[in-house]
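K.L.:
requesting a structural model of the entry that follows:
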Amino acid sequence: MIPVGYMAKRIDQTPDWLKAQQVIDVYSVSSCVNEDFADYIDYWEHNGYWLFDSPGAIEKVAREKSISLEGTKLFYYEAHELEFDGETWNPYSSEPSIPTNVDPPKLKHLEGFDVVTFQAHNHPECSPLSCNGLAENIQTNAHCLLESFDKAESSLNNGKFVKCEAGPYRIFAVYSVDWP
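P.N.:
Model prediction:
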């Protein structure tokens, strides 16, 4: 797993349309169900994985753009080195024109694993477990995440994500971290 960055998110209870009884809230990497702290891409402070290198980088954007971080939860992400195109696993990397220097947290709590689409090959687009309701048929934890990397990998290899969103798919470890 490679360190890919941080994001502050607004976490709400499970949407009514998601009929996965085990899910109480959604910690997905994408912003379809749980919003990022801002529509941040236009500020060009993100790294080459389209996340942030540190909590301080998020705080800087919020301060400069008068965006409240109140009520947000901070996440740190690591990603599998390969992405799955539906048939094969292939390497990918950060956008080379955007500096990337992720500062991993000293303390982190693993919440689970998300499978995320990257059709445009830049920012996280869709987390089918929540966005497409796959958590109704694939067992997840209370945060709509898979319990292990092996479960995420085998679910992709066994076609459980076929026909939900265009890939490729990347596996993310989702960690909660405290604001500094």
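K.L.:
nearest residue to Tyr169 other than its sequence neighbours?
P.N.:
Sequence neighbours aside, Phe84 is the residue nearest to Tyr169 in space, at 4.7 Å (criterion: Cβ to Cβ, 6 or more residues apart in numbering). Yep, even glycine has a C-beta here, placed from its N, CA and C like the rest.
K.L.:
list the contacts for the one you found?
P.N.:
Taking Cβ atoms under 8 Å, 6 or more residues apart in numbering, we find Phe84 in contact with 90, 156-157, 167-170.
K.L.:
same deal with Asn34?
P.N.:
9-12, 25-28, 130.
K.L.:
sec struct for it, please.
P.N.:
Here Asn34 is recorded as coil under DSSP: H, G, I helix; E, B strand; the rest coil.
K.L.:
separation between it and Pro99?
P.N.:
According to Cβ to Cβ, to the nearest Å, Asn34 stands 27 Å off from Pro99.
K.L.:
how about Trp89?
P.N.:
Computed as Cβ to Cβ, the Trp89 to Pro99 distance reads 27 Å.
K.L.:
who has more neighbours out of the two?
P.N.:
Remark: of Trp89 and Pro99, Trp89 carries more neighbours, 15 against 10, as counted by other Cβ atoms under 10 Å.
K.L.:
thought that one was touching Gly167?
P.N.:
No. Using Cβ atoms under 8 Å, Trp89 is not in contact with Gly167; the gap is 11.2 Å.
K.L.:
what's the closest non-adjacent residue to Gly71?
P.N.:
Per Cβ to Cβ, 6+ apart, closest to Gly71 is Arg10, 6.2 Å.
K.L.:
just give me the neighbour total for the one you found.
P.N.:
Residues near Arg10, counting by other Cβ under 10 Å: 14.
K.L.:
pretty sure it is touching Glu35, no?
P.N.:
Yes. With contact defined as Cβ under 8 Å, Arg10 counts as touching Glu35 (4.7 Å).
K.L.:
what lines up beside the longest strand seen in the chain in the sheet?
P.N.:
Counting residues, the longest strand in the chain under DSSP state E turns out to be strand 72-84. Strand pairing for strand 72-84, determined by DSSP bridges: strand 2-10 (antiparallel), strand 89-91 (antiparallel), strand 169-177 (antiparallel).
K.L.:
between those, which gets nearest to Ile67?
P.N.:
strand 2-10 (9.3 Å; Cβ to Cβ).
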